[in-house]
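Student: Next comes the sequence, and after it the predicted model I'd like to discuss.
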Amino acid sequence: MKSMVRLSSNHHKLVVFDLDMTLWPFRLDKHMRGPFSHNTSSKDVIDSCGQEVCLMEDSLRCLEYLKIQGYQIGVASRIKDISGAYQLINLLGIAPFFDYREIYPGCKKRHFHNIHHKSNLDFGEMIFFDDDLRNIRDVSSLGVTAIHVPEGITKSIVSSIC
């Protein structure tokens, strides 16, 4: 169930996203194979098998909206293919949106502790979007507003919360 509760955004300063099934519609470690590149004829991003790689339909709009609203943006992902994740972030054109990047295997609490130290923001000033309830529970225990998005991120969800 998607949370659609409108929050007072005056105390939230940082929005953090998971990657798999949240910003992009696949699990990188299971469904794609690097290296990734641009298809020379279409300019689409493809994996090493020629499979097209894309973002969730509203991901770019969400990131643009948040930047315009003045939020800092981060990504926290437990992906094992760290270099593949960074390569996709660059090839898909979303790298400039991220102020903080925590991409490596391990508990999401570790990701958020690192973001907390780098940003000097309290956990209560952060919002997190993820499709995985385990991550939502872990991160919300820190005091982060954690929003479960089982179908991935959409502009309507982000604009109703931020």
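Tutor: Yes, it's here.

Student: and the longest helix along the chain, what other elements does it pack with?
Tutor: When the chain is scanned for its longest helix (criterion: DSSP state H), the result is helix 108-119. Counting contacts by 3 or more Cβ pairs under 8 Å, 6 or more residues apart in numbering; DSSP states H and E, helix 108-119 is packed against strand 14-17, strand 72-77, strand 100-103, strand 126-130, helix 133-140. In this view, the C-beta of every residue, glycine as well, is placed from N, C-alpha and C.

Student: How far does the first one sit from its chain's centre?
Tutor: Okay, so that is strand 14-17. For strand 14-17, the gap between its own C-alpha mean and the chain's C-alpha mean amounts to 7 Å (Cα atoms, centre = their mean, to the nearest Å).

Student: Give me the contacts around it.
Tutor: By Cβ atoms under 8 Å, 6 or more residues apart in numbering, the list of residues contacting strand 14-17 from outside reads 23, 66, 71-76, 99-100, 112, 115, 119, 121, 125-130, 144, 153, 158, 162.

Student: Run me through the strand neighbours of that strand, direction for each.
Tutor: Strands flanking strand 14-17 in the sheet, each with its direction: strand 72-77 (parallel), strand 126-130 (parallel) (DSSP bridges).

Student: one step back: which one of the helices and strands packed on helix 108-119 lies nearest to Gly34?
Tutor: Ranking the helices and strands packed on helix 108-119 by their distance to Gly34 (criterion: Cβ to Cβ) puts strand 100-103 first, at 13.7 Å.

Student: Please tell me I have it right and Arg79 contacts Ile103.
Tutor: Careful, residue 79 is Ile and not Arg. Yes: under the criterion of Cβ atoms under 8 Å, Ile79 makes contact with Ile103 at 5.8 Å.

Student: Need the residues touching each of those two.
Tutor: Shared contacts of Ile79 and Ile103 (Cβ under 8 Å, 6+ apart): 19, 85.

Student: Need the residues that contact stretch 145-152.
Tutor: For stretch 145-152, the external contacting residues (Cβ under 8 Å, 6+ apart) are 1-3, 7, 12, 21-23, 25, 56, 59, 124, 126-131, 133, 135-137, 139-140, 157, 161.

Student: Can you list the buried residues in stretch 76-89?
Tutor: The neighbour-count criterion (16 or more other Cβ atoms under 10 Å) identifies 76-79, 81, 84-85, 87-89 as the buried residues of stretch 76-89.

Student: Name all residues that make contact with Pro105.
Tutor: If a contact means Cβ under 8 Å, 6+ apart, then Pro105 has 78-80 as its contacts.
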